[in-house]
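**Student:** Okay, here's the prediction I keep looking at, along with the sequence it came from:
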Amino acid sequence: MPRNIHDFDSSLFLKGFLYPSSSNSFEKDFKAFAINLFNPSEEFRKAVSKNKKLKQKQKLLINFFNAIDDSLTKKYFSKLNKFK
């Protein structure tokens, strides 16, 4: 069980969610994943790399943002906060 709203809940990863609130609505899920995509922690990177559904969701969001702005590529996102 997460300690607060910003802690990941690994029991939800197999369902493709990061937080309990993410499973409540598409909007909350999209927002939560986008926030982590643009400001990824090491924990987020590990969760995505180890989980097929999270990896698929990451790909979908990257494709979505890339359709809006050509500079928002997989390479762009992979470089974010790399040296944090």
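**Tutor:** On my side now, so go ahead.
**Student:** N51 against L14, yeah?
**Tutor:** Yes - contact criterion C-beta atoms under 8 Å: N51 and L14 qualify, at 6.9 Å. From N, CA and C alone the C-beta is placed, and that goes for glycine too.
**Student:** who's more crowded, these two?
**Tutor:** N51 (18 against 11; other C-beta atoms under 10 Å).
**Student:** Identify the residues contacting the nearest residue to F13 once chain neighbours are set aside.
**Tutor:** Distance criterion C-beta to C-beta, 6 or more residues apart in numbering; nearest residue to F13, sequence neighbours excluded, is N51 at 4.6 Å. Under the criterion of C-beta atoms under 8 Å, 6 or more residues apart in numbering, the neighbours of N51 are 13-14, 16.
**Student:** Secondary structure and pLDDT added to these, as a markdown table?
**Tutor:** What follows is the contacts of N51, written out as a markdown table (DSSP: H, G, I helix; E, B strand; the rest coil; pLDDT from 0 to 100):
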| residue | secondary structure | pLDDT |
| --- | --- | --- |
| F13 | helix | 95 |
| L14 | helix | 93 |
| G16 | coil | 94 |
